[in-house]
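Novice: Based on what follows, work out the 3D shape:
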Amino acid sequence: MTSLISEPQAWSLYEAKRYAESARVWEGLLQSTPSDCNERSRLLNGYVYALVGLKRFDEARKIHRDLFEKHRNHIDLHQLAFVEREAGDYHLALKYIHDERLLIAPDAWSYLGANSYERGKLSELLGELDRALGFAKQCEEESKRSSDLVLQACSMRLLGDIYAKLERPGTALSQYLKKQGKPLAPRK
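Specialist: Down below sits the predicted model:
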């Protein structure tokens, strides 16, 4: 029962950018969870977010490398890419994202969309805006096929960010204002 109370607390501290406190909550949760428990990977993932907030990238990398070696789950490659993106190594992050793509089932639309989002975001960060735009559009299509509203919102934001950098403000604004595939009317 502790995890039901403490996990939201850990995420709340993380969202408030109180990373050290968040990390302590995750550490407490991990200490009270058996090493062979299925929920441990989820707890470690939350802990990694706190570590990244603290810029403890080596520890975060080790956790997801170990998890990937143990489970061979594409999600751990995706999380390794997140760590590398936050550490500023965009090229290594792209390598992990490429490798992840090869492990995702061809009809796992949410995972495919998240992968395309990350490829688009990394390409944007590298200044490869045409490439980023292609991945963002791919993410948009995959997110629609998944019915994942959070992923759809992320794809719209990414498209808006890229169009803004391409100096297409009208198109950027229309992406930012979309909601569930329907443009929103401007507020009066």
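Novice: ok, then the element right after the helix or strand hosting Val52?
Specialist: Element membership of Val52, judged by DSSP states H and E, is helix 40-53. Later in the chain than helix 40-53, the nearest helix or strand by DSSP H and E is helix 57-71.
Novice: Next, the angle from that following helix to helix 40-53.
Specialist: If you take axes from the mean of the first three to the mean of the last three Cα atoms, to 10 degrees, helix 57-71 sits at 160 degrees to helix 40-53.
Novice: Now the element after helix 57-71, going C-ward?
Specialist: helix 74-87.
Novice: what are the ranges of the strands in this structure?
Specialist: Applying DSSP state E to the chain gives strands spanning 178-179, 182-183.
Novice: If you average pLDDT over each of these, which is lowest?
Specialist: In terms of mean pLDDT, the lowest-scoring of those is strand 182-183 (a mean of 50).
Novice: contacts for the helix holding Val52?
Specialist: For helix 40-53, the surrounding residues in contact (Cβ atoms under 8 Å, 6 or more residues apart in numbering) are 3, 7, 10-11, 13-14, 17, 19-20, 22-23, 26-27, 29-30, 33-34, 57, 59-60, 63-64, 67, 71, 73, 75, 79, 82-83, 86-87. Bear in mind the C-beta positions are built from the backbone N, C-alpha and C, glycine included.
Novice: Of the residues you listed, grab the buried ones for ChimeraX.
Specialist: Applying 16 or more other Cβ atoms under 10 Å to the contacts of helix 40-53 leaves a buried subset, and the ChimeraX line that selects it is:
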select :7,10,11,13,14,19,22,23,26,29,33,57,60,63,64,67,75,79,82,83,86,87
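Novice: so who does the nearest residue to Thr171 once chain neighbours are set aside touch?
Specialist: Residue nearest to Thr171 in three dimensions, not counting chain neighbours: Tyr163, with 4.4 Å by Cβ to Cβ, 6 or more residues apart in numbering. Going by Cβ under 8 Å, 6+ apart, Tyr163 touches Leu133, Pro169, Thr171, Ala172, Gln175.
Novice: Now for the residue most central in space within the chain: which residues touch it?
Specialist: Centroid-nearest residue in the chain, with Cα atoms, centre = their mean: Phe82, separated by 6.3 Å. Phe82 sits next to Val52, Ala93, Glu118 when contact means Cβ under 8 Å, 6+ apart.
Novice: now, which of those residues sits nearest Leu129?
Specialist: Distance to Leu129 across the contacts of Phe82 (Cβ to Cβ) is lowest for Glu118, with 16.0 Å.
Novice: out of everything not next to it in sequence, what's closest to the closest one?
Specialist: Nearest in space to Glu118, with sequence neighbours left out and distances taken as Cβ to Cβ, 6+ apart, is Ile97 at 5.0 Å.
Novice: I'm done for today, thanks for sticking with me.
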